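**Student:** I'll drop the sequence and a predicted model, then ask my questions.
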Amino acid sequence: MKIEKFEDIECWKKAKEITIMLYNHFLNMNEYNFKNQILRASTSIMNNIAEGYERHYNNEFKQFLFIAKGSAGEVRSMLYLGYDLKIFNETEYNDLLDKITEVSKMLSGFIKKL
């Protein structure tokens, strides 16, 4: 499939899905610091993919993908902490961890392709 806009990028779609899942999870929670950090990191993944794509130069795009990958690591780290703090139950944790790990792998593949 040809990528004509950032919305066509599969790892952007999956990052958006994770971000929506996290926003929905924290909808009625008052835990501000943890919530703010993980939501900012997850949003950063999709936004860096989008911003990098819009630059139209592979080297710049690749740099933004590296930043997105770093943010994916941050989300993963926060998930571990959130599970230990009982912010996520085991099912939520495993589902989110699988999805963010997949996004991270997709980003690695995309970087190598560029």
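**Tutor:** Great, that's in hand.

**Student:** Run through the helices of the chain in chain order.
**Tutor:** Read by DSSP state H, the chain holds these helices, from start to end of the chain: 10-25, 32-54, 58-84, 90-113.

**Student:** got TSV for the ones you listed, with distance to Ile3, mean pLDDT and mean neighbour count too?
**Tutor:** (Glycine included, C-beta is placed from N, CA and C.) Shown next, in TSV, are the helices of the chain (distance: least, CB to CB, whole Å; pLDDT from 0 to 100; neighbours: other CB atoms under 10 Å):
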stretch	distance to Ile3	mean pLDDT	mean neighbour count
helix 10-25	9	97	18
helix 32-54	8	97	19
helix 58-84	11	97	18
helix 90-113	10	97	16
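
**Student:** Out of those, flag the one nearest Glu4.
**Tutor:** Nearest to Glu4, of all the helices of the chain, is helix 32-54, at 10.2 Å by CB to CB.

**Student:** Output the contacting helices and strands for that closest one.
**Tutor:** helix 10-25, helix 58-84 (3 or more CB pairs under 8 Å, 6 or more residues apart in numbering; DSSP states H and E).

**Student:** Out of these, which gets nearest to Lys112?
**Tutor:** Taking CB to CB as the criterion, helix 58-84 is the member of the helices and strands packed on helix 32-54 that comes nearest to Lys112, at 9.6 Å.

**Student:** how big is the angle separating the closest one from helix 10-25?
**Tutor:** On the basis of axes from the mean of the first three to the mean of the last three CA atoms, to 10 degrees, helix 58-84 is oriented at 30 degrees to helix 10-25.

**Student:** packing partners for helix 58-84?
**Tutor:** Secondary structure elements in contact with helix 58-84, counted by 3+ CB pairs under 8 Å, 6+ apart, are helix 10-25, helix 32-54, helix 90-113.

**Student:** and the helices and strands packed on helix 32-54 as TSV, adding distance to Glu92?
**Tutor:** Written out in TSV, the entries for those read as follows (distance: least, CB to CB, whole Å):
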stretch	distance to Glu92
helix 10-25	7
helix 58-84	8
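
**Student:** out of the ones you listed, nearest to Leu39?
**Tutor:** Shortest distance between Leu39 and these, using CB to CB, is found for helix 10-25: 5.8 Å.
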